[in-house]
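In: I would like the atomic coordinates for the input below:
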Amino acid sequence: MKQACNEISQLASDSLDRPLSLSERLKFKLHLCMCSHCRDYNHNMKFIRKVTDMMRKTNYGQIRLSEEQRQKLHAKLDHSLD
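Out: Residues are numbered from 1 along each chain as shown. You can find the predicted model right below:
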């Protein structure tokens with residue numbers, strides 16, 4: 001299973017930069033249905049991309065987050081590490 005997970009983690013990364021082919025999408029989605037570790041990895045990859053995109057759009061974090069926004073971000077990060 002480790003070899004399959006390695007391939008899926010590469011597809012998760014690739015999917016952030018390019019559209020996956022039909023066969024890649026099918027393999028990816030089928031594996032995610034069966035593997036909670038890869039689902040978590042994919043979720044974390046998307047979350048990291050979202051945060052870095054947000055930072056890029058806001059001059060690399062030069063704006064300040066409200067206390068509520070900071071707590072939500074910490075909660076999401078803590079949850080993704082569980």
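In: Check the offset of the helix or strand hosting Phe47 from the chain's centre.
Out: Under the criterion of DSSP states H and E, Phe47 resides in helix 36-57. Put simply, helix 36-57 sits 3 Å off its chain's centre (CA atoms, centre = their mean, to the nearest Å).
In: Show me what that helix is in contact with.
Out: Applying CB atoms under 8 Å, 6 or more residues apart in numbering, the external contacts of helix 36-57 come out as 5, 8-9, 12-13, 16, 31-32, 61, 73, 76, 80. For glycine as for every other residue, the C-beta is placed from the backbone atoms N, C-alpha and C.
In: please redo it, this time with the cut-off set to 7 Å
Out: 5, 8-9, 12-13, 16, 31-32, 61, 76, 80 (CB atoms under 7 Å, 6 or more residues apart in numbering).
In: Now which of those would you call buried?
Out: 8, 12, 31-32 (16 or more other CB atoms under 10 Å).
In: Now for those residues: which two are most distant?
Out: Ala12 and His31 (9.8 Å; CB to CB).
In: What is the least confident helix or strand in this structure?
Out: In the chain, the helix or strand scored least confidently by mean pLDDT, DSSP states H and E is helix 67-81, which has a mean of 81.
In: chain center to that one, what's the gap?
Out: 15 Å.
In: what packs against it?
Out: Judged by 3 or more CB pairs under 7 Å, 6 or more residues apart in numbering; DSSP states H and E, the packing partners of helix 67-81 are helix 36-57.
In: Flag every buried residue along the helix it packs on.
Out: Applying 16+ other CB under 10 Å to helix 36-57 flags 38, 41-42 as buried.
In: Equivalent analysis for stretch 21-30, please.
Out: 24, 27-28.
In: still on that earlier bit, among the contacts of helix 36-57, which one has the lowest pLDDT?
Out: The lowest pLDDT within those belongs to Gly61, with 55.
In: Where does the prediction get shaky in the protein?
Out: For the chain, the stretches flagged by pLDDT under 70 are 1, 59-63, 80-82.
In: before we move on, back to that, Throw the buried residues of helix 36-57 into CSV and include distance to Lys57, thanks.
Out: Formatted as CSV, these follow (distance: CB to CB, whole Å):
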residue, distance to Lys57
Cys38, 29
Tyr41, 25
Asn42, 23
